[in-house]
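no sequence for this one, just the structure:
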C-alpha cells in the first residue's frame, strides 16, 4: 500500500478513458500536490501550460545544452491524462511537479542506451506481459482489450485505478523479470520525490504515472536503498521548451512507443460521448466526398448498424475503433480498402499541429524562424502542399531564400518538386512543403551556428567547406550560398574555390566544376545576387581545362573514357548556354585536337567529331572521312563501336534528320564481314538502346522506308558521271533564279 495521504493513479499515456477517470478521481480526492511522471528539467515551464495560446498537441523538448542532438520529447494531447492533471492543478492553484528521473542525469548516462537495448531484447523474450489477460478475455491483441477495458469507459467509476494497480502488481510479482538499471533509477527517483513532498507537509498527494510503475511506488523501501541506486549518476546541463507537436507523431505508425492507433478517434472519444460512431463515420464520408467518391448519409447509417452488429457478435459492450473501421470498409468502401486509404491520414490524424505562443521561452534561432514564417506568410503545416514561387516577385524570392537556408541547416521543410511546364523558365521554383515536429530538435542543434537563420546557415556553409575535397562540391556550396543570399559566406567560399582550383592538377576535377560554376553564374542574377566573383573563377578554370583535356583523353581505358565523356557532355551543354565567344572558341579548338589526336580514346574522338559537326565547324565530307577511318577493317570492332557511341552521344536525332550520315552508317554495317558484325553488334545494341523509344521507332521507320534506296546508293559504283554533270547547269539555274514577287 502507498504511504498515508498518497494516492496512485496508474494511467495509459494518451488514453482518453484514463484521462476522464483521472479528472473525476482528482476532483474527488482534491489533492494539494499533484506529482506527474515527466521530466523535472521542465518544471519551470509547467505554469505556462495554463496559457490559452498553448494548444495541444504540444511537447516538452528537453536537450543537453552542450550537445543538442541529445534530446527527448514528451508529447501531450488534450486527451492525455498527464495534460489533464496539469490543467487540474493549475486551475486550482495546487502544486504540480514532474517526478521522473531528470534528464540532467539521463542524457549524460551512456548506460541509458545500453539499458534501452537490453530492455528491447528482454521485451522480445517476454513478449507483451498483458497479452495473456487480453487473450483470456477473448481479444486478439492487448490494444483492443485495454481500449475496451479502460479507454472506452464513461469514466464515472473511480475503482478502475485500484483494479489496474492490482492487475499490474500481480503481473510484476508473477513475472519477476529483472528491470534495467535506468528503470530502477526512475522508480527510485519517483519515490524520492514522493518522500520530499510528504516532508514538505503536503497531506494529500496525487501521483499520476504509467500504470506499470504503480506497484513499485506503492511499496516504499528505505530511503537509503533508493539513494544507493541513484548514487554516482553523471550530469549535464539541460534546457527545455514547449514546441508544437502533431497527431501523426502521436501514432504508433510514427515509431512512437507510447503512441495510439488513431489520435483523432481518441480526441473524439474525449470530447463526444454521444453518437460517437456516427460522428466518426460521418467524418469519413465527408472526406470521401471531397475525393469525389460517393458516400451518403444512408451509407453512414448502414455502417453504424453494422458496427453495432459486429460488437454484439463479438460480445463487446460497445463498438470500438476496429468495429467502425471494418464497417467503413464494408459499407463506405464496398468491401475494398482502397478508397479509405486515400483519406487515412486526414481521417486518423486530421493534419493537426499544435501551437505555442511566440513569447514562450525558445532558442533565438527558433524565434527568428517563427518571425520569418509570420512575415512571409508561410505557417508550418503537417499537411503536404505545393508552393509555386515566381522569383521575380520580392515575397517569393524571400520565401525561396528562407527555404534554402533551412535546407543548409538540415531542416528539410521544403523539397524541390518536379517542375511543371509553366513558361516561367529560371524564374520559377516549385517546392513540396511538409513540416515535421522533429525539426524543433534540429533547430536547437543548429543554434550553435548562430542566432538567426541567415547567420547560422552562413556559418554552417563555412564549416562544411573545410571538410570538402572535391572542387565541384565546393562549387555546390557556393551555389547554395548564392541562391540563399548568404553574403557572409560567398567571399570565403570563392576564396576557397580559387585556392583549390589553383592547386588542383586533376583536369577531371576542374572539368567537373565547369557545369556547376556556369549554372551559378547564369542563374545567380535571377535572384539579384552578385556573381562577378564566379566569373573570375571561370576565367581561371576553363583555360586550364582546355589545355589539359587532350592529355587527359589520351591512352586511357574504357571506364576513364566513359567518366570523361559524361563530364564533357555537361561542360558542352553549359558552355553553349553561356554563349561566351572566347570560351566557345577555345572549346572548339580543343575539340578539334581531340577529334584527330593520336591515342585519343575513340569514344572521346567520336564525340568531338559529333560536336564539331553540329557546330558546322566541319562539313559532312570531313565527318565522312573521319568515320571511314574509324570504321576501317583495320580497327578492332570495339574501337569502331566506341567511336560510333561517341558520335551518336545517346541520341538518335542526328541519324533521323541527316540522311547522308544514316546512309553512310547503314552502308558500313551492311558491308562488314560476318565475324566483324558479330563482334560489333552487342556494342552497337548498347549504343542504340540509350536512344529514347520514340527516336528508335522513328529511326526504324526511316531505315525501313529508305532501305532499298540506301542499299542501291551504297552498292552502285558505276554511275554515269557525265550524265550527272549535265544536270548541274539546270540545278544552278533553279537555285539562282530570283524569287517570284
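Happy to help now that I have it. The structure displayed is predicted, hence computed values, not measured ones. Numbering: from 1, shown residues only.

nearest residue to residue 316 other than its sequence neighbours?
residue 148 (6.1 Å; CB to CB, 6 or more residues apart in numbering). Where C-beta positions appear, they are placed from N, C-alpha and C, glycine not excepted.

OK, contacts around that neighbour?
139, 316, 317, 318, 320 (CB atoms under 8 Å, 6 or more residues apart in numbering).

ok, of the residues you listed, which one's closest to residue 587?
Comparing the contacts of residue 148 against residue 587 with CB to CB places residue 320 closest, at 71.5 Å.

after the helix or strand bottoming out on mean pLDDT in the chain comes which helix or strand?
Across the helices and strands of the chain, mean confidence by mean pLDDT, DSSP states H and E is lowest for helix 111-126: a mean of 44. Next in sequence after helix 111-126, counting helices and strands by DSSP states H and E, comes helix 131-136.

now the helix or strand that that next one is followed by: how far from the chain's centre is it?
Per DSSP H and E, the first helix or strand lying C-terminal to helix 131-136 is helix 142-146. Computed by CA atoms, centre = their mean, to the nearest Å, the chain-centroid distance of helix 142-146 equals 33 Å.

name the residues of helix 142-146 that are buried.
For helix 142-146, a neighbour-count test (16 or more other CB atoms under 10 Å) marks 142, 143, 144, 145, 146 as buried.

for the closest residue to the third one other than its chain neighbours, phi and psi?
To tie it back to what came earlier, the one meant is residue 144. Leaving aside its sequence neighbours, residue 144 sits nearest to residue 322 (CB to CB, 6+ apart; 5.9 Å). Backbone torsions for residue 322, taken as degrees, to the nearest 10, come to phi -60, psi -40.

from residue 310, how far off is residue 322?
8 Å (CB to CB, to the nearest Å).

what about the two, which has more around it?
Taking other CB atoms under 10 Å, residue 322 and residue 310 do not tie; residue 322 has more neighbours (21 against 18).

wouldn't the more buried one be in contact with residue 143 here?
No: assessed by CB atoms under 8 Å, residue 322 is found out of contact with residue 143, at 9.1 Å.

narrow the contacts of residue 148 to just the buried residues.
Among the contacts of residue 148, those scoring as buried are 139, 316, 320 (criterion: 16+ other CB under 10 Å).

how is the chain partitioned into domains?
6-61+72-238, 274-348, 364-453, 619-741 (automatic domain parsing).

show the average pLDDT along the second one.
Here domain 274-348 scores 89 as its mean pLDDT.

cool, and the third one?
In this model, domain 364-453 has a mean pLDDT of 86.

cool, and the last one?
Domain 619-741 shows an average pLDDT of 71 in the prediction.

re earlier: can you add distance to residue 590 and give the buried ones among the contacts of residue 148 back as a markdown table?
Below are those laid out as a markdown table (distance: CB to CB, whole Å):
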| residue | distance to residue 590 |
| --- | --- |
| 139 | 76 |
| 316 | 80 |
| 320 | 74 |
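
which of those lies closest to residue 297?
residue 320 (22.7 Å).

which residues touch the closest one?
Per CB under 8 Å, 6+ apart, neighbours of residue 320: 144, 147, 148, 152, 311.

how close does the residue nearest to residue 144 sit to residue 440?
Applying CB to CB to residue 322 and residue 440 gives a distance of 33 Å.

in the helix or strand encompassing residue 406, what's buried?
If you go by DSSP H and E, residue 406 is part of helix 394-408. Buried positions in helix 394-408, judged by neighbour count with 16+ other CB under 10 Å: 396-408.

dump those to CSV, plus distance to residue 303.
Rendered in CSV, the data for the buried residues of helix 394-408 read as follows (distance: CB to CB, whole Å):
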residue, distance to residue 303
396, 45
397, 50
398, 48
399, 43
400, 46
401, 49
402, 45
403, 42
404, 47
405, 48
406, 43
407, 44
408, 49
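
run a quick neighbour tally on residue 599.
11.

what about the host helix or strand of residue 97, distance to the chain center?
Secondary structure from DSSP H and E places residue 97 in strand 95-98. Computed by CA atoms, centre = their mean, the chain-centroid distance of strand 95-98 equals 38 Å.

helices of the stretch 101-250 of the chain, start to end?
Applying DSSP state H, counting those that start in this stretch to the stretch 101-250 of the chain gives helices spanning 103-106, 111-126, 131-136, 142-146, 160-175, 181-199, 214-218, 223-230.

where do the helices of the stretch 601-741 of the chain begin and end?
Going by DSSP H, counting those that start in this stretch, the stretch 601-741 of the chain shows helices at 602-614, 620-630, 637-648, 653-657, 659-671, 674-689, 693-715, 721-736.

next, the buried residues of the one helix or strand residue 545 maps to.
Using DSSP H and E, residue 545 sits within helix 532-553. Buried residues in helix 532-553, counted by 16+ other CB under 10 Å: 533-534, 537-538, 541-542, 544-546, 548-550, 552-553.

what is the burial count for residue 79?
What residue 79 shows, counting by other CB under 10 Å, is a neighbour count of 26.

once you drop chain neighbours, what's closest to residue 373?
residue 379 (6.1 Å).

could you grab the helix/strand/coil label for that neighbour?
Of the three states, residue 379 takes coil according to DSSP: H, G, I helix; E, B strand; the rest coil.

could I get the contacting residues of the residue nearest the centre of the chain?
In the chain, the centroid-proximal residue (CA atoms, centre = their mean) is residue 412; its distance is 6.5 Å. Applying CB under 8 Å, 6+ apart to residue 412 gives the contacts residue 406.
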